[in-house]
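Colleague: Pasting a predicted model and its sequence here:
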Amino acid sequence: MRSLGTIIALPPPVSALFLRRLISQPDLVVAAGIIGLIAMMLVPLPPVVLDLLLTLNLALALCIILVAMYVTEPLDFSIFPSLLLVATLFRLALNVSSTRLVLLHAQAGRVIEAFGNFVVGGDLVVGLVVFLILVVIQFIVITNGAGRVAEVAARFTLDEMPGKQMSIDADLNAGLVDEAGARKRRKNIEREADFYGAMDGASKFVRGDAIVGIIIVLINILGGLAIGVLRMHMPVAEALHRYALLTVGDGLVTQIPALLISTATGLVVTRAASEQNMGGDILAQLIAQPRAVLIAAVLLLCMGMVPGLPKFSFFLVGGLAGTGGYLLLQKEQHEAVHEPAPKAPDLGFDSALVIDRIGIQVGYGLIGLMDGRESDASPNRPLASAASSPSANPNGLLGRIDGIRRQLATDLGIVVPPIRIRDDIGLGPNEYVIRVRGAIAARGEVRPARLLALSPGADAAEIPGEDTRDPAFELPAKWIAPSERILAEARGYTVIEPSAVMATHLSETIKRHADDLLSLQDVHELVERVRGQQPALVSALIPDGATLSDVQRLLRGLLAEGVSIRDLPAVLEAMLDALRFTRKPDEVLEIVRLAVAPAICDRYRHSDDILHVITLDPDVEREVQTGVVETERGSVCALEPRFLQEIIRQVQAASERMLSEGIEPVILAAPQVRRHVRGLLARSFPRMPVLSHAEIPTQIEVRQEAVVAV
């Protein structure tokens with residue numbers, strides 16, 4: 001007791017410092033508290049300490065039920081299952097400590113004695129009846145109901161997880177949430193499932209606590225009676241009254257907090273997500289129907305007129321209910337009269353004016369491919385429900401789009417805008433259209449119930465299937481049945497699932513139109529990101545050296561030729577240097593390309609560390625340079641049509657031969673004509689890179705595969 005008094009008598013600065021230290025290390029406090037609970041079952045406690053702990057138990061129960069009433073959704077009290085276990089263990093430790101004091105000394109502190117004498121009036125029978133009623137309420141009513149609700153909630157939460165995950169993926173792909181928001185929502189879904197699963201098990205703690213309470217009361221009464229009669233030589237009636245009254249007081253002082261916590265359990269598991277706490281919800285929803293309150297008031301007044309019933313109680317409550325219902329009804333009618341005039345219906349013109357920067361429209365037969373249900377989605381066969389489809393299935397287009405956006409950000413250095421997917425009844429069942437800024441950029445057709453087998457070359461062995469071409473690269477292929485997959489792979493074919501075909505086509509379309517997707521706002525955000533890293537560079541370039549529009553024109557020019565702008569600081573620094581010599585956008589672009597040339601060449605280097613190229617005959621290069629004409633918008637090259645057609649024919653033949661050998665074709669030209677050659681071939685070969693001799697680093701080996709000569 002001296003140590004306890006010493007702690008209580010600490011000076012205010014010292015006690016405040018002690019409490020501050022405790023609050024700053026909650027993990028140590030909790031760990032010490034749990035170990036202390038175990039020690040309470042083994043070490044005898046003085047009555048005054050037991051009184052403090054019993055009071056603390058009651059305060060903890062009150063705090064828990066009040067927090068349960070104030071939370072707006074169950075996850076706000078996610079620690080409750082673990083807290084329920086600790087609270088149950090605390091009560092059991094108190095039962096053991098109080099039992100030891102009752103049996104050893106026939107007394108257990110002032111709290112238990114007060115509950116035994118004052119709460120039940122010192123009457124043993126009344127105390128036992130009150131105790132049993134509390135146990136029955138807790139065990140049969142609250143605990144059973146809360147346990148059942150937790151069990152059903154856990155089952156439904158697990159069943160709904162796939163559908164919720166797919167909904168998050170759809171919102172992410174539609175641009176309604178960003179990746180951080182989607183990640184947070186997925187985490188909340190996982191926490192919700194874990195919470196209800198834990199509550200399903202934690203509700204068993206409360207049930208077990210009620211059963212243990214009854215057993216402890218019986219043991220204490222029988223043990224106390226035996227000790228009082230046999231050891232202390234008390235009369236049977238005195239021993240029974242003494243020990244049974246203390247036991248009942250002990251049961252009441254522990255069962256009342258247990259009842260509060262079991263009620264909190266029921267409140268938490270039955271609490272739906274809301275904008276306000278439980279009290280606000282009850283008040284708002286009960287008074288939302290004033291007519292119901294008026295009807296209840298009339299019924300109470302009628303019951304007050306029945307002979308034999310107490311008129312005062314029924315008339316008082318009925319009058320109060322009638323007055324309240326009348327005032328609520330008047331308020332409702334007043335709000336209805338002064339309600340503002342309804343707005344004109346929104347015909348959706350604003351949304352109709354918004355054009356997605358990139359989107360996909362699919363026929364009804366391809367809807368199943370969006371979430372990975374690669375089955376025949378004919379009108380006679382119903383689609384699987386969202387709840388039964390795997391969420392974020394990597395085999396579905398929705399599951400692949402996130403990877404496409406991430407990969408393109410790595411390859412090109414741009415953030416691809418959200419990709420919206422819609423069905424279109426105007427398309428064939430297996431057709432799809434890719435739109436960029438509302439215009440059709442690509443279209444294709446896939447077979448949901450089949451696989452695409454890409455031919456390994458002209459001498460490929462024949463396999464059964466429908467002849468077609470890969471929509472992304474126009475390579476010869478076949479649509480085969482899934483049962484033919486092993487045969488096709490054995491004969492050298494590359495087998496691709498339909499959703500992967502669409503994903504590849506989408507990725508290549510985005511690469512081809514990356515310059516169109518780069519908006520001025522995107523450029524602003526990219527430049528501001530560089531400003532945070534290299535403020536001096538951006539300050540020197542913008543706005544004195546160039547405008548944001550100039551930077552956008554340069555970045556679009558690089559993206560149009562498949563050059564990554566991921567190393568944007570290097571691009572801007574090269575642009576700043578180029579502007580010292582020229583203001584022409586085409587010439588600035590060529591100088592910037594030289595600055596990032598190693599990265600450009602490294603991208604097209606073959607797996608054998610050799611750059612395989614198609615070169616132009618010097619006569620062809622001279623002809624191109626001769627055909628350059630200066631205009632108001634810059635220099636353009638105009639060649640005689642038959643001359644240009646012959647160049648295109650030879651490039652086509654050489655590139656097809658290289659592709660058949662697994663080599664990506666690259667055209668190599670003189671620096672002064674590189675951009676003009678690119679302009680001449682862009683329409684026929686939009687994905688073919690054109691490099692200049694000045695852009696090839698000395699350490700890269702170049703191998704000439706063909707020469708274009710006219």
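Modeller: Thanks, I have it.
Colleague: make it CA atoms for all contacts and neighbour counts henceforth
Modeller: Fine.
Colleague: hey, where'd the helices end up in the stretch 151-300 of the chain?
Modeller: Remark: helices assigned in the stretch 151-300 of the chain by DSSP state H, counting those that start in this stretch are 179-226, 236-269, 278-286, 290-304.
Colleague: out of those helices, deepest packed?
Modeller: helix 236-269 (a mean of 24; mean count of other CA atoms under 10 Å).
Colleague: Let me know the average pLDDT across that helix.
Modeller: In this model, helix 236-269 has a mean pLDDT of 75.
Colleague: my read is residue 435 is in a helix, agree?
Modeller: No: going by DSSP: H, G, I helix; E, B strand; the rest coil, the assignment for residue 435 is strand, not a helix.
Colleague: So what's the residue count around it?
Modeller: Using other CA atoms under 10 Å, residue 435 is surrounded by 23 other residues.
Colleague: Report the beta-bridge partners for it.
Modeller: Beta-bridge partners recorded for residue 435 (DSSP bridges): residue 359, residue 440.
Colleague: Next up, the contacts around it.
Modeller: Shown in contact with residue 435 (CA atoms under 8 Å, 6 or more residues apart in numbering): 357, 358, 359, 360, 361, 441, 442.
Colleague: Chain neighbours aside, what residue packs nearest to the last one?
Modeller: Spelled out, it's residue 442. residue 434 (5.1 Å; CA to CA, 6 or more residues apart in numbering).
Colleague: out of the helices of the stretch 151-300 of the chain, which comes closest to residue 552?
Modeller: helix 179-226 (25.6 Å; CA to CA).
Colleague: Next, work out how far apart residue 333 and residue 439 are.
Modeller: 53 Å (CA to CA, to the nearest Å).
Colleague: Which residue of those two possesses the greater neighbour count?
Modeller: Neighbour tally, residue 333 and residue 439, criterion other CA under 10 Å: the higher count belongs to residue 439, 14 against 11.
Colleague: wait, doesn't the residue nearest to residue 442 sit right on residue 358?
Modeller: Yes: at 7.4 Å, residue 434 counts as touching residue 358 under the criterion of CA atoms under 8 Å.
Colleague: quick revisit: most neighbours out of the contacts of residue 435, which is it?
Modeller: Of the contacts of residue 435, with other CA under 10 Å as the count, residue 358 tops at 25 neighbours.
Colleague: mind listing what the residue nearest to that residue when sequence neighbours are not counted touches?
Modeller: Excluding the flanking residues, the one nearest residue 358 by CA to CA, 6+ apart is residue 436, at 4.5 Å. Residue 436 is in contact with 356, 357, 358, 359, 513, 516, 517, counting by CA under 8 Å, 6+ apart.
Colleague: do that again at 10 Å, thanks
Modeller: By CA atoms under 10 Å, 6 or more residues apart in numbering, the contact set of residue 436 is 355-360, 419, 442, 509-510, 513-514, 516-517.
Colleague: same deal with residue 509?
Modeller: Counting by CA under 10 Å, 6+ apart, residue 509 touches 358, 434, 435, 436, 441, 442, 443, 472, 503.
Colleague: swap in residue 88?
Modeller: 57, 82, 94, 202, 205, 206, 208, 209, 257, 258, 261.
Colleague: Which two of those residues have the greatest separation?
Modeller: Between any two of the contacts of residue 88 (CA to CA), the greatest distance is 19.8 Å, for 94 and 202.
Colleague: from the middle of its chain, how far away would stretch 516-536 be?
Modeller: Put simply, stretch 516-536 sits 27 Å off its chain's centre (CA atoms, centre = their mean, to the nearest Å).
Colleague: buried stuff in it?
Modeller: 516, 517, 518, 522, 523, 526, 527, 530 (16 or more other CA atoms under 10 Å).
Colleague: where's the fourth one relative to residue 552, distance?
Modeller: Spelled out, it's residue 522. Taking CA to CA as the measure, residue 522 falls 9 Å from residue 552.
Colleague: cool, and the second one?
Modeller: The span separating residue 517 from residue 552 equals 11 Å under the rule CA to CA.
Colleague: Same question for residue 491.
Modeller: Counting by CA to CA - residue 491 and residue 552 are separated by 48 Å.
Colleague: Between these two, tell me which one has more neighbours.
Modeller: Higher neighbour count among residue 491 and residue 552: residue 552, with 19 against 14, using other CA under 10 Å.
Colleague: Tell me the first helix or strand C-terminal of the strand or helix carrying that one.
Modeller: Assessed by DSSP states H and E, residue 552 sits inside helix 548-560. Going down the chain from helix 548-560, the next helix or strand is helix 568-578, by DSSP H and E.
Colleague: residues in contact with residue 507?
Modeller: Residue 507 touches 401, 404, 405, 407, 408, 472, 501, counting by CA under 10 Å, 6+ apart.
Colleague: With residue 454 instead?
Modeller: 468-470, 475-479, 488-489, 492-496.
Colleague: re the thing from before, and which of the contacts of residue 509 is nearest to residue 428?
Modeller: For the contacts of residue 509, the nearest to residue 428 is residue 443 (11.5 Å; CA to CA).
Colleague: Quick check: that closest one touching residue 431?
Modeller: Yes: with contact defined as CA atoms under 10 Å, residue 443 reaches residue 431; the gap is 7.5 Å.
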